[in-house]
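>>> Only the shape, not the letters, is given here:
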């Protein structure tokens, strides 16, 4: 038979566990409730504005009701495509280098720089690209906007790719090398294939982050109210269009 002391300790642990679970549930509820209220408010007031014309028409002139966001939607996809051409290859290859090659000191410096760049405010990226790609060519452009977003993607993809590749067991590498497979082929065909889901997740996270950025695009893409047929000219984007409407008196 269990002693009364042990039974009391067990009951006391159950009480503490129940109290801790209750406090955790209430804390989570307090955190989620404001978010749920904001989401409810947005859906209740914004759902009525969504229509096919809103998705397929251009913005109307200032003061005229109606209009849509078609050019901004297409512009955002164009900017993300340009950013992907820059950020994904460099970020993935940089992550592979950190995980598989390089020296201890050199890799530490690269990781430190990547972590610092991850914390740089997005407006700083916009100012840097403004000096590199806007002032020299004397004009805003989709290329400059894509460059700013692509540079923001690199450190996030690089560090996430590195961590995912490091999770691949060393036994996979050793088995491939024991069979005489070159190291580069081992990395491409075995290591990266095993870590492919994590790498795709890193890319999607980076795209989701830069897709909502407004500040760097103000200094690079600038935005417009029409279709963009030339990537060397200013281009619309959803964050820019929303920002323009938010500060408009109409």
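Structure's in. What do you need? Small disclaimer: the values here were computed from a predicted structure and weren't measured. Numbering: from 1, shown residues only.
>>> Just the helices from the chain, written as ranges.
Residue ranges of the helices in the chain, as given by DSSP state H, are 4-46, 52-56, 70-100, 104-118, 122-129, 142-166, 170-178, 183-186, 192-194, 196-211, 215-219, 238-247.
>>> Make a markdown table out of those and add mean neighbour count.
Just so you know, the C-beta spots here come from the backbone N, C-alpha and C atoms, and that holds for glycine as well. Below are those laid out as a markdown table (neighbours: other C-beta atoms under 10 Å):
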| stretch | mean neighbour count |
| --- | --- |
| helix 4-46 | 10 |
| helix 52-56 | 11 |
| helix 70-100 | 20 |
| helix 104-118 | 13 |
| helix 122-129 | 19 |
| helix 142-166 | 24 |
| helix 170-178 | 12 |
| helix 183-186 | 13 |
| helix 192-194 | 16 |
| helix 196-211 | 16 |
| helix 215-219 | 24 |
| helix 238-247 | 16 |
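>>> Any idea which of the ones you listed gets closest to residue 231?
Nearest to residue 231 among the helices of the chain is helix 142-166; the distance by C-beta to C-beta comes to 4.2 Å.
>>> picking up where we left off before, nearest to residue 232, of the helices of the chain?
helix 142-166 (6.6 Å).
>>> returning to what we had before: mind putting the helices of the chain in TSV, mean pLDDT included?
Output for these, formatted as TSV (pLDDT from 0 to 100):
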stretch	mean pLDDT
helix 4-46	89
helix 52-56	88
helix 70-100	96
helix 104-118	93
helix 122-129	96
helix 142-166	96
helix 170-178	93
helix 183-186	94
helix 192-194	95
helix 196-211	95
helix 215-219	96
helix 238-247	90
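>>> which residues does residue 139 contact?
Contacts for residue 139 (C-beta atoms under 8 Å, 6 or more residues apart in numbering) come out as 232-234.
>>> so which of the residues you listed comes closest to residue 86?
Distances from residue 86 to the contacts of residue 139, taken by C-beta to C-beta, are shortest for residue 232, at 16.5 Å.
>>> on that earlier part again, any chance of the helices of the chain in JSON lines, with distance to residue 225 too?
Formatted as JSON lines, these follow (distance: least, C-beta to C-beta, whole Å):
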{"stretch": "helix 4-46", "distance to residue 225": "21"}
{"stretch": "helix 52-56", "distance to residue 225": "15"}
{"stretch": "helix 70-100", "distance to residue 225": "7"}
{"stretch": "helix 104-118", "distance to residue 225": "33"}
{"stretch": "helix 122-129", "distance to residue 225": "21"}
{"stretch": "helix 142-166", "distance to residue 225": "15"}
{"stretch": "helix 170-178", "distance to residue 225": "53"}
{"stretch": "helix 183-186", "distance to residue 225": "49"}
{"stretch": "helix 192-194", "distance to residue 225": "43"}
{"stretch": "helix 196-211", "distance to residue 225": "20"}
{"stretch": "helix 215-219", "distance to residue 225": "15"}
{"stretch": "helix 238-247", "distance to residue 225": "8"}
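>>> How far off centre is stretch 90-103?
With C-alpha atoms, centre = their mean, to the nearest Å as the basis, stretch 90-103 stands 20 Å off its chain's centre.
>>> before we move on, the earlier item: and of the helices of the chain, who's closest to residue 136?
helix 142-166 (10.1 Å).
>>> ok and that closest one relative to helix 196-211, angle-wise?
Counting by axes from the mean of the first three to the mean of the last three C-alpha atoms, to 10 degrees, helix 142-166 lies at 150 degrees to helix 196-211.
>>> Packing partners of helix 142-166?
Helices and strands in packing contact with helix 142-166 are listed as helix 70-100, helix 104-118, helix 122-129, helix 196-211, helix 215-219; criterion 3 or more C-beta pairs under 8 Å, 6 or more residues apart in numbering; DSSP states H and E.
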